[in-house]
Structure formats: C-alpha cells, structure tokens
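Novice: Could you look at this predicted model? Sequence included:
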Amino acid sequence: MISSAALAVGAIAVTTSPAQAASGTGTPNLGCWNTVVLDHGGGYVYAYGTFTCDSARTWKLIPNVVLSGNNGQYGFVDNSAVCSGSPFNGISYCRTPTVRLKEIPGVTYRASNSGSVEDQEFWPVETVAHAQMTGEEAPWKAGDFPVSGNWDQGMADNVGIWRPSTGEFHLRNDNGSLNKISWGQYGDIPVSGNWDGGNGTPNSNVGIWRPSTGQFHLRMDNGSNTVIDWGQDGDIPVSGNWDGGNGTPNSNVGIWRPSTGQFHLRMDNGSDTVIDWGQLGDIPVSGNWDGGPADNIGVYRPSEGVFHLRMDNGGLVKVSWGGSTDIPVSGNWDGGNGTANGNVGVWHPATAEFRIRTDEGNLIRIAWGNPR
C-alpha cells in the first residue's frame, strides 16, 4: 500500500525581497484599505495575478508578512498559506490589519477591509503589507519517495522507492534483489496496488497520479496503462481494496483532500465514498488494519509521530511510530502468518531507511533508496 504523503521536506526559498506592487485591473476601491504584496522574486508579484504551486516548483507556499507604513505599529498578521487550502480569505482593517492568505490555483489574492475577493476590484497601494513567500519542495520532486507492495506474489509486502528524476520505480524483492520499472514523469506522485486483482493473486503493481490532470495512470500486469480521472490539483492520492466484501483482492484508487480532511474513495462501480478523517498537516495512509476483507484509511500526524487509523467500525486506533520528518508507509509486513492485516512504517529521508513495525511491535530496518 502506498502512502502518498504530502510531507514538506527540503525547504527552498522562492522569493527574495519585497517588491513594488503591481498594477491592478478593474474598478479601484478607495476605502480604508491595505494592500498585500506577494513577492516571488525574479520580477513576479503575485498579489494581482494567478499562479499554481507547480509554477513556483513548490507544494506549499508560506508567506512571511511584514507590515510597513502605519501598519507596522498596529498590525497583527496570520502567516498561513497552503496550496491545498481553501480559497483566499482576506480581512484587513485600516492601521490594524489582519492578513490571511491561502493559495489555490486560479485565485487572485487581495486583502481588503471588507474581505472582498471579487475579480472586478483591486486595491491600490497606500500602506503595504509585504508578504515574502518561501516554499517547500514537494517530496515526490525532492528525491526518492517510498512505496510498498507485494512485488513477488508471495504472502508479504515489501518496500521500494520512486525516483522522480528518472521516472523509475526501484522495487525490492523478497530476496533483496532490485526490480526497476519506468513509469511516470517528474511532478507525478507514485501509488501502488493490485490493479489486476481479478486474477486471484496478491501481486501489486505500480502507478502514478498526475496532479496537473487529476488522473491516475495505473500499470497493469501486461504493461498496459489504465487511466482513471479522480481528484483535483492539491489532493493526495491513496489506493486500497475498498470493496473487500466482493471477495477479490483488487485495489482501487482514491484521494485525500487536505483542505477538507476528507477521503474520496472510488468504488469498483465508480461511485464516490466520502470519509471525514484527519486534519490539515496530516499525511494519508491506507491498509487492512482489522485483518478483514477490505482496506481502510488513516493519517499520519508528523507533529506527533502518531498514526491515526480508522477501523471498520469507525473507531480510532493510535500507533506511535516515526518522527516529524519521516514519510509514512503501510503494508502486510508479516504476511507469512496467513492473514491480510496491514501495519505501519516510515521511511527516514536522511538515511534512506525504512523502519517497519511488525504485528508484535518489533522494528525492522531496511536500507533502500538514496538519502535526501
């Protein structure tokens, strides 16, 4: 089971210094106002334009808002912004502004005393709150990214990585050997699952989810490509056997939406099952926590180093495992016992080491991939 984590690693600066405000378009509003300037550097000022995280090569944008002019004496600033967050919410009061910025593709950002975000208005500059943007590169772009699955058609799952620079999966077989599969391109997010489950074998295969199109590209056992439209830019992909009651081991796809904390799981018949689980900042996981026929969902909370797993009855099981910089994975590591239950683990980027938790709570370490 892949944990398609949206974990911020490898902070990169995408801005330099505050810039002059760009010209707005439309009808000027000349009330009591303050203007927010988002400076990308290199001549781009995003306060009056549209952009996506991809264009800035980041997955998260965090403003460092510095109030100037009269605002410097009285200002309060909420420095919160994420690509997958809700649309811009801006409230700014004269001399005592509160600035809240949330990046979403296709939205133009303004701060006003009325909270207006209407496209036909712009706010001219008088006192300016400069927002210097810093970004964190997406983990699936920053280097190797962990995956897990049953590559050998045996009883247990194993580990692997996806290398975005080459678009290659490096899968570890049970005997420790390497199996390379070319699939996907830079900017994709890896997934894995038993897409051909109708053949009755527990083998996993690979796939990717492309944020720019909201499409899964799943590799079948014969090497063909199955495309499924599911999700939107800003979502995080997951996979699992959601319809386990039908007795087949096949996997399907889904997404977790950080802005709402909701999983949208695609059933075999194409319907959408929505489950509220997790909060902004969590990382989605999936697995068979109960040992029954179907997989379930969960989240990993980096701030706590704790997995929050949802059981079939809707109950919560917490498992402490990992640290704030780790990327979660899940799988049936103890497959030799004949059960289908999954457990958790993490991949530690600094050492390129998987730290797997067995059913007994023991630690298994596997070095795989390149550190970053």
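Specialist: Alright, I've got the coordinates. Residues are numbered from 1 along each chain as shown.
Novice: Helix or strand: which one has the closest residue in space to residue 290 that isn't next to it in sequence?
Specialist: Of all residues not flanking residue 290 in the chain, residue 312 sits nearest, at 4.9 Å (Cβ to Cβ, 6 or more residues apart in numbering). Bear in mind the C-beta positions are built from the backbone N, C-alpha and C, glycine included. For residue 312, there is no enclosing helix or strand under DSSP states H and E.
Novice: Quick check, residue 312 in contact with residue 295.
Specialist: No: judged on Cβ atoms under 8 Å, residue 312 makes no contact with residue 295 at a distance of 9.9 Å.
Novice: Between those two, tell me which one has more neighbours.
Specialist: residue 295 (27 against 15; other Cβ atoms under 10 Å).
Novice: Spatially nearest residue to the more buried one, not counting backbone neighbours?
Specialist: residue 240 (3.4 Å).
Novice: can you map out the strands along the stretch 251-372 of the chain?
Specialist: Along the stretch 251-372 of the chain, counting by DSSP state E, counting those that start in this stretch, strands occupy 252-257, 262-266, 272-276, 283-287, 296-301, 306-310, 316-320, 327-331, 343-348, 353-357, 363-367.
Novice: how about those, which one is nearest residue 206?
Specialist: strand 252-257 (12.8 Å; Cβ to Cβ).
Novice: okay, now the residue nearest to residue 295: neighbour count?
Specialist: 26.
Novice: do the same with residue 226
Specialist: Around residue 226 there are 12 residues (other Cβ under 10 Å).
Novice: Contacts made by the strand or helix carrying it with the rest, please.
Specialist: Assessed by DSSP H and E, residue 226 sits inside strand 225-229. If you take Cβ atoms under 8 Å, 6 or more residues apart in numbering as the criterion, strand 225-229 is touched by 195, 213-220, 253, 266.
Novice: Parallel or antiparallel, list what pairs with the next helix or strand after that strand.
Specialist: Following strand 225-229 in sequence order, the next helix or strand is strand 236-240 (DSSP H and E). Applying DSSP bridges, strand 236-240 is found paired with strand 252-257 (antiparallel).
Novice: how about the residue nearest to residue 290, what does it touch?
Specialist: 290, 292, 294, 296.
Novice: Distance to residue 179 and mean pLDDT added to the strands of the stretch 251-372 of the chain, as a markdown table?
Specialist: Formatted as a markdown table, the strands of the stretch 251-372 of the chain follow (distance: least, Cβ to Cβ, whole Å; pLDDT from 0 to 100):
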| stretch | distance to residue 179 | mean pLDDT |
| --- | --- | --- |
| strand 252-257 | 22 | 94 |
| strand 262-266 | 27 | 97 |
| strand 272-276 | 33 | 98 |
| strand 283-287 | 22 | 94 |
| strand 296-301 | 27 | 96 |
| strand 306-310 | 28 | 98 |
| strand 316-320 | 29 | 97 |
| strand 327-331 | 16 | 95 |
| strand 343-348 | 18 | 96 |
| strand 353-357 | 16 | 98 |
| strand 363-367 | 15 | 97 |
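Novice: Mean neighbour count and distance to residue 225 added to those strands, as CSV?
Specialist: Converted to CSV, these look like this (neighbours: other Cβ atoms under 10 Å; distance: least, Cβ to Cβ, whole Å):
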stretch, mean neighbour count, distance to residue 225
strand 252-257, 24, 14
strand 262-266, 22, 17
strand 272-276, 12, 23
strand 283-287, 27, 22
strand 296-301, 25, 26
strand 306-310, 22, 31
strand 316-320, 12, 35
strand 327-331, 27, 24
strand 343-348, 25, 27
strand 353-357, 22, 28
strand 363-367, 12, 29
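Novice: TSV for these, including distance to residue 153?
Specialist: What follows is those, written out as TSV (distance: least, Cβ to Cβ, whole Å):
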stretch	distance to residue 153
strand 252-257	20
strand 262-266	24
strand 272-276	28
strand 283-287	19
strand 296-301	24
strand 306-310	26
strand 316-320	28
strand 327-331	15
strand 343-348	20
strand 353-357	20
strand 363-367	20
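Novice: just so I know, which of the ones you listed lies nearest residue 172?
Specialist: strand 363-367 (7.1 Å).
Novice: tell me the angle of that closest one relative to strand 343-348?
Specialist: Inter-element angle recorded for strand 363-367 and strand 343-348: 40 degrees (by axes from the mean of the first three to the mean of the last three Cα atoms, to 10 degrees).
Novice: residues in contact with strand 363-367?
Specialist: Outside of strand 363-367, the residues within contact range by Cβ under 8 Å, 6+ apart are 159, 172, 333, 351-358.
Novice: related to what we said a few turns ago, and the contacts of strand 225-229, which two are the farthest apart?
Specialist: 214 and 220 (20.4 Å).
Novice: quick one, which of these two is more surrounded?
Specialist: Neighbour tally, residue 214 and residue 220, criterion other Cβ under 10 Å: the higher count belongs to residue 214, 17 against 12.
Novice: shouldn't the more buried one be in contact with residue 253?
Specialist: No: with contact defined as Cβ under 8 Å, residue 214 does not reach residue 253; the gap is 11.1 Å.
Novice: so what's in contact with those two at the same time?
Specialist: With Cβ under 8 Å, 6+ apart, residue 214 and residue 253 have common neighbours residue 230.
Novice: and residue 305, how far is that from residue 350?
Specialist: Computed as Cβ to Cβ, to the nearest Å, the residue 305 to residue 350 distance reads 15 Å.
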